[in-house]
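Novice: Requesting a structural model of the entry that follows:
(one chain, ligands or ions: 1)
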Amino acid sequence: MIGRPFLLHCGAAALLVPRLPHTIQSVVNTVRAIYPGTFDPLTNGHLDLIARGSKIFDHLVVAILNNSEKQPLFSVPERVEMIQETTREFDNVSVSQFDGLLVDFARQQHAQALLRGIRAISDYEYELQMALMNRRLAPELETVFMMPAEQYSYLSSRLIRGVFRLGGSVEGLVPPTVIERLHARASRDRGPEE
Ligand code: PNS
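Specialist: Numbering: from 1, shown residues only. Just a heads-up that it's a prediction; the model follows:
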């Protein structure tokens, strides 16, 4: 059943557009968002944000920056695997990688929104700069900020790498698969024991 036509305002012009059948209309209206980051490694704070994002967006693409200038702890394929393993329960979440400009990737993905987490006021300035630059580059993309649960508000991948390297426990702060891989990585770095 085709519904009542509705007015589409397009600059100065207003067009009378036929309303699509409900099922098609809901496909047209799906909101696809990109959650970009380095995720080296994924933390429970990231995971908390993925869970929140998956509730409000129709589809969420977790997008790992493939930055050849940085020496990461985990390779991009390892990070893709870890995030895939951890987000299997969300049927509207996928994992991808990108290089170059985030807005170019978002356009390729036909995304309408970027998701970023704000943990504390200290994140705000950097996030504001990024959001405004991305808005200048792609005015059609909206940045949406969400706050992770307060127990993760101090967590960062950098802190996890540092604490683990010095022998501290990161139990409960990162998903189990990340802990396994951190240990595997550490024993690989130590080399064979005599
Ligand atoms: O997890 P991070 O390190 O805070 O993520 C930063 C990221 C990947 C979102 C940001 O560095 C980025 O978008 N890089 C891609 C390059 C780009 O688009 N730069 C212009 C945006 S200001």
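Novice: Give me the helices and strands touching the longest helix along the chain, please.
Specialist: Ranked by residue count and defined by DSSP state H, the top helix of the chain is helix 121-137. Contacts defined by 3 or more CB pairs under 8 Å, 6 or more residues apart in numbering; DSSP states H and E place helix 121-137 against helix 102-108, strand 113-117, strand 142-146. Quick note: C-beta positions are derived from backbone N, CA and C, even for glycine.
Novice: is that helix up against the ligand anywhere?
Specialist: Yes: legend: contact between helix 121-137 and the ligand by CB under 6 Å from any ligand atom is shown at 130, 133-134.
Novice: so can I have JSON lines of those residues showing neighbour count and pLDDT?
Specialist: Converted to JSON lines, the residues of helix 121-137 next to the ligand look like this (neighbours: other CB atoms under 10 Å; pLDDT from 0 to 100):
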{"residue": "M130", "neighbour count": "15", "pLDDT": "98"}
{"residue": "M133", "neighbour count": "13", "pLDDT": "98"}
{"residue": "N134", "neighbour count": "20", "pLDDT": "98"}
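Novice: now the protein, which segments are flagged as low pLDDT?
Specialist: Applying pLDDT under 70 to the chain picks out residues 1-28, 193-194.
Novice: give the contact list for the most centrally placed residue in the chain.
Specialist: Nearest to the geometric centre of the chain sits Y35, at 2.0 Å (CA atoms, centre = their mean). Neighbouring residues of Y35 by CB atoms under 8 Å, 6 or more residues apart in numbering: 49-50, 53, 60-63, 114-116.
Novice: how about the strands in the protein?
Specialist: Applying DSSP state E to the chain gives strands spanning 3-10, 13-19, 32-37, 59-65, 93-98, 113-117, 142-146.
Novice: I'd like to know which elements the fourth one is packed against.
Specialist: This means strand 59-65. strand 32-37, helix 44-56, helix 76-86, strand 93-98, helix 102-108.
Novice: is the ligand contacted by the longest one?
Specialist: This points to helix 44-56. No: shown here: helix 44-56 not in contact with the ligand (CB under 6 Å from any ligand atom), separated by at least 8.5 Å.
Novice: before we move on, what about the fourth one?
Specialist: No: applying CB under 6 Å from any ligand atom, one finds that strand 93-98 is not in contact with the ligand, the shortest distance being 7.5 Å.
Novice: partners of that strand in the sheet?
Specialist: Strand 93-98 has its sheet partners listed here by DSSP bridges as strand 59-65 (parallel).
Novice: Perfect, I'm done here.
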